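K.L.:
no sequence on this one, just coordinates:
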C-alpha cells in the first residue's frame, strides 16, 4: 500500500511536469513574442508557403493545421533563413482557414519580418502575443500551483 509520502511526491512531480509542459508550449514562445516587440523590422522573400500539421496535433491526437511559411532575409550583409510565422502556434482544425493564412504569403513575395538584433538568426513574421495571452498563461500556471499545494494551503487556513 503506497504511503502518504509516495502520493505527496507523485502529486508534486505531476505539478512540475505540467508546469514544464506549460512553459515549453506556451511560456517560452510567449516570452519570445513579447521580446520581439523590440526587434528590428526587415524585408524578407518568401521561399515556401503551405500548411503543415501542428506540433500540438500529436499531443491531442487530432488533426490540426498551421501555416508553414519559410523566408530568407539579410542582416549586416549575412543571409539568414527563418520559418517562424507566429511564436505562439495556434492550430486550426479547419484546413481551409490555415490554407487562407498561408496564401497571404505566396512564394517569391516580399514580407516584413522582425529580427532579433542580438541574434539575427532568430526572426518571426507575426508578433501575435498580447497582454491577454500573458494573463491567461500566468493564471493557468497559478491554478496548477494552487491545485498542487491545496493541502498545504488548507492546513494554513484551517488549523486543526
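P.N.:
Good, I have the coordinates. All of these numbers come straight from a predicted model, not from anything done at the bench.

K.L.:
separation between the spatially closest residue to residue 126 that is not a sequence neighbour and residue 3?
P.N.:
In space, and not counting its chain neighbours, residue 126 is closest to residue 86: 4.5 Å by C-beta to C-beta, 6 or more residues apart in numbering. To be clear about C-beta, it is placed using only N, CA and C from the backbone, and glycine gets the same treatment. Look at residue 86 and residue 3: by C-beta to C-beta, to the nearest Å, they are 46 Å apart.

K.L.:
Could you check which of the two has the larger neighbour count?
P.N.:
residue 86 (18 against 8; other C-beta atoms under 10 Å).

K.L.:
Contact partners for that one?
P.N.:
Counting by C-beta atoms under 8 Å, 6 or more residues apart in numbering, residue 86 makes contact with 33, 124, 125, 126, 127, 128.

K.L.:
burial measure for the last one, as a count.
P.N.:
The one in question is residue 128. Residue 128 is flanked by 17 other residues according to other C-beta under 10 Å.

K.L.:
Surely it forms part of a strand?
P.N.:
No: counting by DSSP: H, G, I helix; E, B strand; the rest coil, residue 128 falls outside a strand, being coil.

K.L.:
Which residue is the nearest non-sequential neighbour of it?
P.N.:
Leaving out its chain neighbours, the residue that sits closest to residue 128 by C-beta to C-beta, 6+ apart is residue 86, at 4.2 Å.

K.L.:
So the one you found versus residue 74, what's the distance?
P.N.:
22 Å.

K.L.:
Which strand runs longest in this structure?
P.N.:
Ordering each strand of the chain by length in residues (DSSP state E) puts strand 40-53 first.
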